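# Pasting a predicted model and its sequence here:
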Amino acid sequence: AQKVTQAQTEISVVEKEDVTLDCVYETRDTTYYLFWYKQPPSGELVFLIRRNSFDEQNEISGRYSWNFQKSTSSFNFTITASQVVDSAVYFCALSNTGTASKLTFGTGTRLQVTL
Amino acid sequence: DAGVIQSPRHEVTEMGQEVTLRCKPISGHDYLFWYRQTMMRGLELLIYFNNNVPIDDSGMPEDRFSAKMPNASFSTLKIQPSEPRDSAVYFCASSPSLAINSYNEQFFGPGTRLTVL
């Protein structure tokens, strides 16, 4: 069975601080995909990134960066110099390959960025 | 493209009533997914379709729930009879067809917030 754990339920930071959202996953598959989605207060789910299990390179996109480590089954997400607009719930998700794959979501981390 | 379209955006109904949620996937996408989001259970996959055929409905909570996809551009999720515990946000998502050993991300609709009184 697949499982995604986001142990941080809620994080509150002051604008311009860096913040890391943790994600730990469990799967028996050797090939799988990991995702991060953002859910702003408006409610929609916004895709942020996808990584496959063969690519452990870290990725940076503007203020966002992701650290994928198979050895610890973690796929952590860091926001540098956070902004109020980053306030949202962030979900980590896992899927295996094959036919259209089910996304297994973590419980989400609510990030609150204040001035 | 307009993205995944869901209607209604909000639905308030009374216990025992039938509820129908609608979804129009992104044109050309072969896969369609229905999810439910609640505070208690988070985001759960209910059912998904490939080329209009239901592939996995193991997440459908009980017989009161049914989903159909009569054509490539339309799907419904029906709850009959509805109960207060069905109150949740229901998301529809679609995804393009997959190459072997690859994955395309799912594009989510804005969701339908259902309240059953």
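All right, it came through fine.
# Check the offset of stretch B:77-97 from the chain's centre.
5 Å (CA atoms, centre = their mean, to the nearest Å).
# buried ones in that stretch?
Judged by neighbour count (16 or more other CB atoms under 10 Å in any protein chain shown), stretch B:77-97 contains these buried residues: B:77, B:79, B:82, B:86-95. From N, CA and C alone the C-beta is placed, and that goes for glycine too.
# So which residues on chain A come close to chain B?
Neighbours of chain B within chain A, by CB under 8 Å from any CB of the partner chain: A:31, A:33, A:35, A:37, A:43-47, A:50, A:52, A:91, A:95, A:97, A:99-103, A:105-108.
# rerun that using 6 Å as the cut-off
A:33, A:43-45, A:47, A:50, A:97, A:100, A:102, A:105, A:107 (CB under 6 Å from any CB of the partner chain).
# Now for the residue lying closest to A:Asp18 once chain neighbours are set aside, how many residues are close by?
Nearest non-adjacent residue to A:Asp18, counting by CB to CB, 6 or more residues apart in numbering or on different chains: A:Thr80, 5.1 Å away. A:Thr80: 14 surrounding residues under other CB atoms under 10 Å in any protein chain shown.
# Quick check: the farthest pair among the buried residues of stretch B:77-97?
With distance counted by CB to CB, no two of these lie farther apart than B:Ser82 and B:Ser95, which are 28.1 Å apart.
# Could you pull up phi and psi at residue 106?
I went with chain A, as the question did not name one. The phi and psi torsions at A:Gly106 (degrees, to the nearest 10) take the values phi -80, psi 180.
# Is it in contact with A:Gln6, as I believe?
Yes: using CB atoms under 6 Å, A:Gly106 is in contact with A:Gln6, at 3.8 Å.
# B:Glu18: what's it in contact with?
The contact partners of B:Glu18, taken as CB atoms under 6 Å, 6 or more residues apart in numbering or on different chains, are B:Gln80.
# ok, now how distant is it from B:Ala67?
14 Å (CB to CB, to the nearest Å).
# Select from the residues of chain A next to chain B the one having the most neighbours.
In terms of neighbours by other CB under 10 Å, those top out with A:Leu45 at 25 neighbours.
# which residue packs closest to it, ignoring adjacent ones?
Using CB to CB, 6+ apart, the nearest residue to A:Leu45 is B:Phe108, at 4.0 Å.
# So for that neighbour, what's the pLDDT?
Reported pLDDT at B:Phe108 in the predicted model: 92.
# Noted, bye for now.
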